[in-house]
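# Please find the sequence and the predicted model below.
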Amino acid sequence: MILRRLVLSATSNSNLRRRSKPLSAYPLRLLSSSPDRHKPPQQHSVDDKLVRLSHKDWLAPNEVLKIFENVKDPTFLIPAYKHYSKRKDYQPTESLYALLINKLGQAKMFDEIEEVMKTINLEKRCRFSEEFFYNLMKVYGNLAGRINRAIEILFAMPSFGCWPSSKSFNFVLNLLVSAKLFDEIHEIFVSAPNLGVEIDACCLNILIKGLCESGNLEAALQLLDEFPQQKTRPNVMTFSPLIRGFCNKGEFEGAFRLLERMEKEEGIEPDAITFNILISGLRRKGRVEEGIDLLERMKLKGCQPNPGTYQEVLYGLLDKKRNLEAKEMMSQMISWGMRPSFLSYKKMVLGLCETKSVVEMDWVLRQMVYHGFVPKPGMWWKVVGCVVGKNSDSQVDLDRIIHC
């Protein structure tokens with residue numbers, strides 16, 4: 001299949017090192033219904049929430065869940081669970097395991113999560129949904145940074161009688177792209193049929209993004225032909241990384257050809273992000289006027305510019321030292337409730353200092369302070385030098401600016 005061949009040619013095969021960190025020794029605390037008088041008051045409050053686990057009263061699963069929800073100190077979770085597992089009314093549930101993993105994840109107690117997973121691997125009385133494994137992969141991938149463990153969970157799902165959907169599969173693919181682990185993408189991708197996952201537009205978009213970020217635009221472009229073969233359609237998120245890739249290489253003809261294909265052949269309307277990518281790319285190459293024209297074009301098409309659009313045009317005007325036009329753009333942004341960046345204020349002030357435009361600089365400094373930015377000492381020295389060196393009325397101008 002062309003899709004596998006393209007991904008394989010763009011990435012090299014490598015064996016995933018699926019390892020987890022060794023478990024640290026964990027001091028078990030004994031739960032008791034009688035409080036320890038030597039412990040501080042806060043410790044009493046934590047023990048009090050768990051004291052019901054030592055009573056002989058029968059506990060329903062929802063009652064157990066409430067007990068563990070109220071535990072504030074995560075170091076009590078594992079000992080409390082072990083204590084509960086010895087009770088006659090012990091009934092493991094997905095909700096309880098999910099609660100333990102989420103609390104331990106928030107506390108960054110990832111080795112303790114491994115201890116929970118050992119129990120889950122031996123669990124025969126509890127069925128788990130895809131949502132459980134999806135959240136578990138999020139904890140490993142996003143919080144712990146253990147991407148290999150997230151991959152292991154994905155491949156272990158069928159052994160629990162739960163087959164992953166494209167949601168879980170695409171999450172792992174996106175983890176690899178975000179971490180720039182491009183060499184591992186192929187091994188995961190070709191496993192889709194074995195996992196029963198159907199390739200969808202989101203999966204192809206992730207692959208295109210990864211290929212673009214790795215600099216392989218040719219393979220990414222060829223993936224566009226794979227959409228109809230997979231009986232799916234590209235969308236605006238398909239083309240944005242491709243256009244960004246061409247802009248980063250300074251190949252604007254290719255970028256605009258993609259924009260045209262996007263609109264005319266695929267019938268996809270570009271959004272503000274797509275236009276922002278083009279305007280930003282043009283600005284970085286000094287093609288400010290084309291960026292301004294593109295801003296007007298997107299307005300005519302009914303695409304509403306966002307603050308990022310105007311900020312890129314503002315940067316372009318400042319880069320070209322078109323300070324008065326930049327001040328007008330900044331004034332419009334402020335009137336529309338937008339907040340120009342500190343860098344744009346800094347560039348504006350320094351540019352106005354060069355032209356000794358004291359009145360305009362006074363306005364910019366006032367707006368800068370109003371929006372919560374504090375001019376640094378170096379900027380103040382530039383301002384003072386500009387005002388003092390301008391004319392004999394400099395003291396009046398300086399007093400006005402200092403008391404802004």
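Structure's in. What do you need?
# Give me the distance between His55 and Met117.
From His55 over to Met117 the distance is 29 Å, taken as C-beta to C-beta, to the nearest Å. C-beta coordinates here come from the backbone N, C-alpha and C atoms, glycine included.
# Neighbour count for those two, which is higher?
Using other C-beta atoms under 10 Å, the more surrounded residue of His55 and Met117 is Met117, with 19 against 10.
# immediately after the helix or strand that contains that one, which helix or strand?
Using DSSP states H and E, the element containing Met117 is helix 110-122. Moving toward the C-terminus from helix 110-122, the next helix or strand (DSSP H and E) is helix 130-138.
# counting contacts, what elements does that following helix pack onto?
helix 94-106, helix 147-156, helix 166-178 (3 or more C-beta pairs under 8 Å, 6 or more residues apart in numbering; DSSP states H and E).
# And the helix holding Met117, what's buried?
Across helix 110-122, burial judged by 16 or more other C-beta atoms under 10 Å covers 110-117, 120.
# Need these in a markdown table (columns: pLDDT and distance to Ser168).
As requested, those are exported to a markdown table (pLDDT from 0 to 100; distance: C-beta to C-beta, whole Å):
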| residue | pLDDT | distance to Ser168 |
| --- | --- | --- |
| Phe110 | 96 | 20 |
| Asp111 | 95 | 24 |
| Glu112 | 96 | 23 |
| Ile113 | 96 | 18 |
| Glu114 | 96 | 20 |
| Glu115 | 95 | 23 |
| Val116 | 95 | 19 |
| Met117 | 95 | 17 |
| Ile120 | 93 | 17 |
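# closest to Ala219 among those?
Closest to Ala219 out of the buried residues of helix 110-122 is Phe110 (35.5 Å), distances taken as C-beta to C-beta.
# My read is that that closest one contacts Met117, right?
No: contact criterion C-beta atoms under 8 Å: Phe110 and Met117 do not qualify, at 10.4 Å.
# so who does the nearest residue to Lys108 once chain neighbours are set aside touch?
In space, and not counting its chain neighbours, Lys108 is closest to Leu143: 7.0 Å by C-beta to C-beta, 6 or more residues apart in numbering. Residues near Leu143 by C-beta atoms under 8 Å, 6 or more residues apart in numbering: 105-106, 108, 110.
# In ChimeraX, select just the buried ones from those residues.
This is how ChimeraX selects the buried members of those, with burial counted by 16+ other C-beta under 10 Å:
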select :105,110
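# got any ranges where the chain has weak pLDDT?
For the chain, the stretches flagged by pLDDT under 70 are 1-49, 389-404.
# quick one, helices of the stretch 251-400 of the chain?
Taking DSSP state H, counting those that start in this stretch, the helices of the stretch 251-400 of the chain run over residues 252-260, 272-284, 288-300, 307-319, 323-335, 342-354, 358-370, 377-388, 394-402.
# Pull up the gap between the nearest residue to Phe275 once chain neighbours are set aside and Asn276, please.
Once flanking residues are discounted, Phe275 sits nearest to Met298: 4.6 Å by C-beta to C-beta, 6+ apart. With distances taken as C-beta to C-beta, Met298 is found 9 Å from Asn276.
# list residues touching both of these two?
Thr309.
# Look at those two and report which has more neighbours.
Between Met298 and Asn276, counted using other C-beta under 10 Å, Asn276 has the larger neighbour count: 25 against 21.
# Number of residues surrounding Glu354?
Residues near Glu354, counting by other C-beta under 10 Å: 11.
# Please name the residues that touch it.
Contacts of Glu354 (C-beta under 8 Å, 6+ apart): Lys321.
# one more time with 10 Å, if that's ok
321, 323, 382, 386 (C-beta atoms under 10 Å, 6 or more residues apart in numbering).
# For the last one, the count of nearby residues, please.
Cys386 sits with 23 neighbouring residues when counted by other C-beta under 10 Å.
# Name the nearest residue to it, sequence neighbours excluded.
Per C-beta to C-beta, 6+ apart, closest to Cys386 is Cys353, 4.2 Å.
# and what of the second one?
Excluding its sequence neighbours, the residue lying closest to Asn323 (C-beta to C-beta, 6+ apart) is Gly351, at 4.4 Å.
# close enough to count as contact, Leu295 and Asn306?
No: Leu295 lies out of contact with Asn306 (C-beta atoms under 10 Å); the separation is 11.3 Å.
# which residues are common contacts for the two?
275-276.
# Compare those two (neighbour count), which wins?
Using other C-beta under 10 Å, the more surrounded residue of Leu295 and Asn306 is Leu295, with 19 against 14.
# Could you check how far the more buried one is from Gly372?
Leu295 is 27 Å from Gly372, by C-beta to C-beta.
# and what of Ile120?
48 Å.
# can you check Glu328 too?
22 Å.
# Those two - which one has more neighbours?
Legend: neighbour count by other C-beta under 10 Å for Glu328 and Gly372, higher for Glu328 (12 against 8).
# so that one makes contact with Leu317?
Yes: with contact defined as C-beta under 10 Å, Glu328 and Leu317 form a contacting pair (9.0 Å).
# number of nearby residues for Val364?
23.
# Backbone dihedrals for the closest residue to Pro74 other than its chain neighbours, please?
Nearest residue to Pro74 in three dimensions, chain neighbours excluded: Ala107, at 3.9 Å (C-beta to C-beta, 6+ apart). Main-chain dihedrals, Ala107, degrees, to the nearest 10: phi -90, psi 0.
# For Ala107, give me its contacts.
Counting by C-beta under 10 Å, 6+ apart, Ala107 has contacts 73-75, 77, 113, 143.
# returning to what we had before: next, count neighbours for the residue nearest to Asn323.
23.
# That one: what's it in contact with?
317-324, 326-327, 357, 360-361, 364 are the contacts of Gly351 under C-beta under 10 Å, 6+ apart.
# how about a cut-off of 8 Å?
318, 321, 323, 326.
# Which among those count as buried?
Of the contacts of Gly351, these count as buried by 16+ other C-beta under 10 Å: 318, 323, 326.
# can you put those residues in CSV and add distance to Asp271?
Output for those, formatted as CSV (distance: C-beta to C-beta, whole Å):
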residue, distance to Asp271
Leu318, 25
Asn323, 31
Ala326, 26
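# ok, those vs Gly337, which is closest?
Once C-beta to C-beta is applied, the member of those that ends up nearest Gly337 is Ala326, at 18.8 Å.
# Please consider this matter closed, and thank you.
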